[in-house]
Structures are given as structure tokens and as C-alpha cells.
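Visitor: Next comes the sequence, and after it the predicted model I'd like to discuss.
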Amino acid sequence: MLLELLDYIAENKCSDLHLKVGSRPIQRKNTVLSYFGRMEPVTKEEMDGIVNDIFTEYAWKNFEKNMNFDMSYEIPGKARFRINISKDKNSYTLAARYIPKEIPSMKELGLPEKLKDITAMSDGLILITGATGNGKSTTVASMLNYLNQRLNRRIYTLEDPIEYEFEDECSIITQRELGRDMVSFDLALKYVLRQDPDIIFVGEMRDKETVKAAIRAAETGHLVIATLHTRDAIQTIDRIVDIFPGEQQSQVKSQLSKLLQMIVSQQLLINRKGGMILACEVLINTPAIGNLIREGKGHQVYSMLETGGEYGMMTFENALDGLARDGYIDKGDKEKNVASRAIYKDKEKERV
């Protein structure tokens, strides 16, 4: 049953599959949820069978502890999926995210040209942020593949779970999955520093220890790429600082002001021409922005972001303006999705 449903998801370029006992299977395509044809509701026996088929001993131990488990699942030669198993009224529930076999290029994703500057970066911190389901993993995979096709580098990825798989081209890439190849992100970061890395991807900076380890890696001359579930650049800076106790925050601000290379915050929107399209905010860490971060004046960063076009910076408002101008979204979409409605409305008034 599961294989047939996942095969359908891959064939029809849906983004997600949802299964819960008592409901018909559900697909998501271009943000819209819908039931699968005339299929019957999933029974408890069917759901139990699916989980028993895909769970390993490690998965069972982890699930019994956390009542949730993330894993990768592959249809050989066709597609990979990130699967989460959780509980719903004492029964299992499943959510599967489709991961295409082919890694899209940065151009295909519509990523800003400024991201190609990563080929010139040898150390520091690049942060890719956005809400769940807004394409962070795909963006990082595209960036890493861009590097892999051009540079002779030793790249390590630390993921939960592994999503896109890479083949060595100009670079040598090692991919590690939480629970299978490593115990924790922070411990993996500690040991990977002894393995001659050039570039390290951290699947998620989810706690203080992982953030500390990532900062340490960047401080010791490595390029660290990481993701966070934050909406925009300013919130990202605040989140990293606030994860530490008050007495450590001054030091973290100082470290971040020197190590940060760029923050790319992204949001997927419905494309009026079909499919989805990406809107990005790009913050580049200039000396002036570094000073504001160090002095704890994050609220002033936005004004520099607005005027930083010559450095390759872009606000969400700029990105949405461009998408609306090119006919990918309409004015209503732009207003609904802008990071700050107040700023958007003020700008519209100034144009009148």
C-alpha cells in the first residue's frame, strides 16, 4: 500500500502524503490537500503493517522514547521521501515529503545570483532559514551540488534524516544520518573537525550545543552551512543570540558579527503560471551590519538590508515586487505574503 501511494506521489509531483487511521489517504500538491480518488479509509491494521514494515530496531527504540520518528525512505532509482511517524488517538499517523531524485540547479529554483559567491567563501557561517515546507533542504542541496560540480573540497553533511543524496564530482562528500551514522549533531560536529573538512552542512541548528559547535567549526576556518526555522534575517540573528543565557550573549554577538557570511530566508508561493515559486530575502554581512550585530542593534539591520542592493542584498518586499511585476503572483499575493504588512503599506503610500 505505502509503496503504491509513494509511487503515485512521485509520478504526479505532489509534495506530501498523509495517512491516518479512519481517513482516506491524502495528497498535497501546490499547497492544496485532496483525497486519493476512491480509496477506502486506512484501517488500524493497515497502518500497523506499514510501520512494522519500515521501522528498524533503532526506529522502535527512538519512537518509544519520543512518540515521533523521522526517517528516509527510497523507491530505488526513482525518488526519496522524508517520513515522519507519530500518534493520533493511540494509532500511528504518517507524513511523507517527496524528495526528487535529481537535485535542481540554483537557476531552476530561482535562487538569487548572489548565492553563487559561495565558491569564493572558505570559512564562516551561511544560514538558510524559513518555515517548514518552504524548500530549505532543496536550496542547501542545490548549493552543495553547485560546489561539488566546481570545487575540489571535502564536504560533510549531518542530517536528520538524509534527504538528497550526492555523487562525488569535483568534491568528496560524506553524508551522515542522525541515529544511523551519528549520535547527535553537536558530537558529530566535534568529531568531524578531526576529519579534514572544508565545508560542513548542519541539517538544523536546533539547540544551544549544536549552535556552539557550529560556531566553533566556523571559527576554526571551515565553511558551515546550516538551517533554522526562522522567518527572516532579523529573527534569525535574535534566535541564535537568545538561545544562550544572558551572560554569554555578548560573546555570541561578537562571534556572529565576524563569522556570519549571509542569511537567506525563503518562502514558497503559489505560482500563477503553475507550480510553486520562491521568494528570498538575502542579508550579506557587511562591516556596518557586523557592527550592529555586535552592539545588539538587530532592529536597525533592516534599514541596511533595504539599502544594500549594491552588495547583493534583497528584502522580501523587493523579491515579491519582482515576482508580481513578472506576473508570477498578483498584488493580493504580494500583500498577503510580505514579511511586514505595515512596511508594505507604507511603501505603497509613498508610491502614490
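Guide: Thanks, I have it. Numbering: from 1, shown residues only.

Visitor: Who are the contact partners of Val225?
Guide: Not Val; residue 225 is Ile. Residues in contact with Ile225 (CB atoms under 8 Å, 6 or more residues apart in numbering) are Ile126, Leu127, Ile128, Val140, Met143, Leu144, Ile199, Ile200, Phe201, Val202. Quick note: C-beta positions are derived from backbone N, CA and C, even for glycine.

Visitor: Poorly predicted segments of the stretch 151-300 of the chain, please.
Guide: By pLDDT under 70, the stretch 151-300 of the chain has no low-scoring segment.

Visitor: who touches stretch 13-29?
Guide: 2, 5-6, 8-9, 12, 30, 33-36, 39-44, 47, 50, 81, 88-89, 91-98, 133.

Visitor: start to end distance for it?
Guide: Using CA to CA, to the nearest Å, one end of stretch 13-29 lies 7 Å from the other.

Visitor: again, but for stretch 189-209
Guide: With CA to CA as the measure, stretch 189-209 spans 10 Å from end to end.

Visitor: Let me see the ranges of the helices in this structure.
Guide: 2-11, 44-54, 57-66, 106-109, 136-148, 185-192, 208-219, 233-242, 246-259, 287-294, 301-306, 316-325, 331-337, 341-351 (DSSP state H).

Visitor: Of all these, which one is nearest Gln266?
Guide: helix 136-148 (6.5 Å; CB to CB).

Visitor: Just the C-alphas of the closest one, formatted as CSV.
Guide: C-alpha atoms of helix 136-148 as CSV (Å, rounded to 0.1, in the frame of the first residue of the first chain):
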residue,chain,number,x,y,z
LYS,A,136,15.3,24.9,2.8
SER,A,137,16.6,21.4,2.2
THR,A,138,16.3,21.8,-1.6
THR,A,139,18.1,25.1,-1.5
VAL,A,140,21.0,23.7,0.5
ALA,A,141,21.2,20.6,-1.8
SER,A,142,21.4,22.9,-4.8
MET,A,143,24.2,25.0,-3.2
LEU,A,144,26.2,21.9,-2.2
ASN,A,145,25.8,20.4,-5.7
TYR,A,146,26.9,23.7,-7.2
LEU,A,147,30.1,23.5,-5.1
ASN,A,148,30.5,19.8,-5.8
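
Visitor: Contacts for that helix, please.
Guide: By CB under 8 Å, 6+ apart, the residues outside helix 136-148 that reach it are 99, 103-106, 108-109, 111, 115-116, 118-119, 126, 128-130, 153, 155, 157, 163-164, 166, 168-171, 173, 199, 201, 225, 227, 264, 266, 278.
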